[in-house]
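Trainee: Structure here, sequence nowhere to be found:
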Ligand SMILES: [Fe+2]
Ligand SMILES: [Fe+2]
């Protein structure tokens with residue numbers, strides 16, 4: 001069953017949001033990179049790559065159902081951050097906005113009775129729960145880590161999480177295991 005034009009258009013918009021999130025994360029990564037904080041920067045560089053992969057999932061879905069991919073203009077990300085806390089808070093805010101847009105897409109898929117789209121979006125709903133949880137945990141740690149060496153404690157925190165907080169994706173019940 002082909003997806004409706006309306007749904008394809010909404011999915012194309014989402015490609016723009018995922019790419020926007022990717023650019024924001026690269027921007028945040030460079031903030032930490034320039035502060036010589038390697039774990040924080042690599043965490044965000046990887047997040048940037050993941051968001052691009054999310055965009056590509058939408059590209060593939062549109063191709064699979066015979067729609068046309070039309071990548072929209074992507075807004076420039078924020079470049080300057082008042083500090084580490086502001087950068088991570090921005091990341092959490094962005095994830096929450098992406099969650100809302102995924103929920104809107106799921107409602108649209110329901111309205112259109114498009115079960116291919118609806119099932120496809122389940123992965124993203126799980127992913128957003130994980131991403132919001134990871135990002136709010138990181139924000140908590142950053143807020144707790146005060147003083148000149150505060151962010152070094154955050155580096156330590158990330159090192160104890162093995163490959164990085166993104167590991168949460170590979171954890172039991174995570175989207176990767178789905
Ligand atoms: Fe995403
Ligand atoms: Fe995300």
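Mentor: Arrived safely. As the structure is a computational prediction, the values presented were derived from the model and not from experiment. Ligands and ions are numbered 1, 2, ... in the order given.
Trainee: how about the residues of the protein near ligand 1?
Mentor: By Cβ under 5 Å from the ion, the residues of the chain that approach ligand 1 are 18, 51, 54. From N, CA and C alone the C-beta is placed, and that goes for glycine too.
Trainee: all helices in the protein, in order from the N-terminus.
Mentor: Using DSSP state H, the helices found in the chain span residues 5-34, 38-64, 84-111, 115-144, 150-160.
Trainee: rewinding a little: ok, of the residues of the chain next to ligand 1, which one's closest to residue 94?
Mentor: residue 51 (9.3 Å; Cβ to Cβ).
Trainee: Looking at this structure, what residue ends up closest to ligand 1?
Mentor: Nearest residue of the chain to ligand 1, counting by Cβ to the ion: residue 54, 3.6 Å away.
Trainee: quick one on the thing from earlier: got CSV for the residues of the chain next to ligand 1, with pLDDT too?
Mentor: What follows is the residues of the chain next to ligand 1, written out as CSV (pLDDT from 0 to 100):
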residue, pLDDT
18, 98
51, 98
54, 98
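Trainee: picking that back up, mind listing what the residue of the chain closest to ligand 1 touches?
Mentor: Shown in contact with residue 54 (Cβ atoms under 8 Å, 6 or more residues apart in numbering): 18, 21, 124, 127.
Trainee: Go through those and name the one nearest residue 94.
Mentor: Closest to residue 94, out of all of the contacts of residue 54 and judged by Cβ to Cβ, is residue 21, at 5.6 Å.
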